[in-house]
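K.L.:
How does the following fold in three dimensions:
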Amino acid sequence: MKTIEEIKAAIEAAVPGAGVSVVPNPGPAAQHSLLLAHDHAIAVATFLRDAPELAFDFLSNVTGVDWPDKEVSEKVKVTRPVARTVDGVEQTVEETVEETRKHVEPGHLEAVYHLYSVALRHGPLVIRMRTANRTDQVEMPSLTPVWRSAEFQEREAFDLYGIVFTGHPDLRRILMWEGFKDHPMRKDYVEPDDFEYEPTAHDEVLRRAQAHQSRDQGSNAG
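P.N.:
Numbering: from 1, shown residues only. Below you'll find the predicted structure:
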């Protein structure tokens with residue numbers, strides 16, 4: 001199989017302005033991936049499938065990933081005026097000090113696709129797409145029109161992570177029931193404590209259900 005850089009170059013030659021970037025994997029596997037821009041994702045995916053030298057005709061799996069907001073600390077050198085007394089005379093001098101500054105990197109949701117070529121017997125090629133944030137901009141284009149095997153797997157990512165795949169032919173929950181609130185694989189998901197749907201509550205589930213019932217009874221008594 002071509003290297004990730006060669007595949008990136010082939011994409012850029014075939015799809016002008018594709019906006020593809022390499023996401024390095026620092027681990028021992030060194031399985032680097034390609035991050036696709038939303039605007040050209042369908043065109044890039046179609047090229048990966050149809051280009052004779054690539055022929056990625058099989059999408060094996062789609063995985064969702066939740067990246068919450070992250071606080072990042074970095075050390076920076078800052079020059080500032082400092083009052084100093086020299087030979088009995090107070091004067092202002094410039095002093096360079098090192099400060100730790102913190103900022104928050106906004107989180108996002110991600111969909112990861114693993115591609116193989118059955119025809120050429122190579123792969124996997126890993127491609128990714130990311131949402132703008134985790135709240136009100138969680139859309140990305142569906143790749144189901146290119147690989148039909150993405151249909152149910154994108155539904156699972158929608159269900160569990162809340163990624164909205166635009167252009168999907170049937171985007172609805174697949175594991176949780178309609179009307180279920182939230183997305184269980186989000187890292188900030190909080191499990192309900194009533195577990196009314198649990199027919200045989202036991203152990204921790206039972207304790208939480210009993211605590212929930214006690215609170216309800218207390219509030220009703222008040």
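K.L.:
Give me the buried stretch members for the helix ranked longest in the chain, please.
P.N.:
Ordering each helix of the chain by length in residues (DSSP state H) puts helix 203-221 first. Of the residues in helix 203-221, those with enough neighbours to count as buried (16 or more other Cβ atoms under 10 Å) are 208-209. The way it works is simple: take the backbone N, C-alpha and C, and place the C-beta from them, glycine included.
K.L.:
Let me see the mean pLDDT of that helix.
P.N.:
Averaging pLDDT along helix 203-221 gives 71.
K.L.:
does residue 158 sit in a helix, a strand or a coil?
P.N.:
The three-state label for residue 158, taken from DSSP: H, G, I helix; E, B strand; the rest coil, comes out as helix.
K.L.:
That one: what's it in contact with?
P.N.:
164-165, 168, 171-174 (Cβ atoms under 8 Å, 6 or more residues apart in numbering).
K.L.:
ok, the residues you listed vs residue 28, which is closest?
P.N.:
Of all the contacts of residue 158, residue 165 has the smallest distance to residue 28: 32.1 Å, by Cβ to Cβ.
K.L.:
can you tell me which residues contact that closest one?
P.N.:
Contacts were defined as Cβ under 8 Å, 6+ apart; by that measure residue 165 touches 111, 139-142, 144, 154, 157-158, 171.
K.L.:
Identify the residue spatially nearest to it, adjacent ones excluded.
P.N.:
Computed as Cβ to Cβ, 6 or more residues apart in numbering, the closest residue to residue 165 that is not its neighbour in sequence is residue 142, at 3.7 Å.
K.L.:
No further questions, thank you.
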